[in-house]
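Q: Please work out how this folds:
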Amino acid sequence: MSFSEKLKRDFSTITLVLIPVAIVINIVVGQMVGTLNLPVFLDSIGTVLVAILAGPWAGALTGLLTNLIWGLISSPVAAAFAPVALMIGLVAGLCAQAGLFNTWWRVIISGVLIGVAASITAVPIRVYMFGGITGSGADFITAYLLATGRDLFGSVIITVLSTNVPDKVVTALVAWGLIKGLPQRFATRFPQTSTVRG
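A: Numbering: from 1, shown residues only. Okay, here's the model as predicted:
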């Protein structure tokens, strides 16, 4: 199958319908968590959902569009982290293709991989664009580490890893649980369902 044929398969009509729904899920849940000022994000559930069902490119597009739209609507900070959201969708889709979403313990491994990839992408943005402080609940961890004498880069790395990895594990488990709960007739319309449901 050529790359263009694969893209056409991944971006089927049903996927194109799911992407806007996933974007709304991301923004609504992310806004709720942000309002509560929690040290997690949970703003990628829709992205991971699409990535598992439709593949890495659909997941990457969902993440990218989520943050760009969110940035336009209410949070310019979200737009700055669009590359992170893109990476989350890409890695989640690749994990699904590798069969890492077919048992709960593999889903946890996927969450760790997604969290590490997101962290690697997020650290430079957080340090160089925002000086380590973005207005999220995780800023408390950065401030505490700075107060204990750690340098900014080290503080941000610890903060990002300690928040992103658990966040993405929970996100992956929630997305996987939602997919397991989908009616079989609906789920099988997506190109990657067999990687989750066997």
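
Q: what's the following helix or strand after the strand or helix carrying residue 66?
A: Per DSSP states H and E: residue 66 is located in helix 56-73. Using DSSP H and E, the helix or strand that follows helix 56-73 in sequence is helix 76-80.

Q: which residues are in contact with that next one?
A: Residues from elsewhere that reach helix 76-80, judged by Cβ atoms under 8 Å, 6 or more residues apart in numbering: 30, 43, 66-68, 70-72, 125, 129-130, 134-135. Quick note: C-beta positions are derived from backbone N, CA and C, even for glycine.

Q: Just give me the least confident of the residues you listed.
A: Note: of those, the lowest pLDDT belongs to residue 135, at 77.

Q: Give me the three-state assignment for it.
A: The assignment at residue 135 comes out as coil when based on DSSP: H, G, I helix; E, B strand; the rest coil.

Q: Please name the residues that touch it.
A: Residue 135 makes contact with residue 77, according to Cβ under 8 Å, 6+ apart.

Q: For it, give me phi and psi.
A: Main-chain torsions, residue 135, degrees, to the nearest 10: phi 90, psi 10.

Q: Roughly how far does it sit from residue 154?
A: Distance from residue 135 to residue 154, counting by Cβ to Cβ, to the nearest Å: 21 Å.

Q: what ranges do the helices span in this structure?
A: Remark: helices assigned in the chain by DSSP state H are 3-10, 13-36, 45-54, 56-73, 76-80, 82-97, 104-130, 139-147, 152-180, 184-187, 194-197.

Q: mind putting those in CSV, mean neighbour count included?
A: Shown next, in CSV, are these (neighbours: other Cβ atoms under 10 Å):
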stretch, mean neighbour count
helix 3-10, 12
helix 13-36, 17
helix 45-54, 30
helix 56-73, 23
helix 76-80, 17
helix 82-97, 25
helix 104-130, 19
helix 139-147, 16
helix 152-180, 20
helix 184-187, 10
helix 194-197, 17
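
Q: ok, of the ones you listed, where does mean pLDDT dip lowest?
A: Minimum mean pLDDT among the helices of the chain: helix 194-197, a mean of 68.

Q: before we move on, the earlier item: so what does the helix holding residue 66 touch, helix or strand wise?
A: helix 3-10, helix 13-36, helix 45-54, helix 76-80, helix 82-97 (3 or more Cβ pairs under 8 Å, 6 or more residues apart in numbering; DSSP states H and E).

Q: That helix to helix 13-36, inter-axis angle?
A: 50 degrees (axes from the mean of the first three to the mean of the last three Cα atoms, to 10 degrees).
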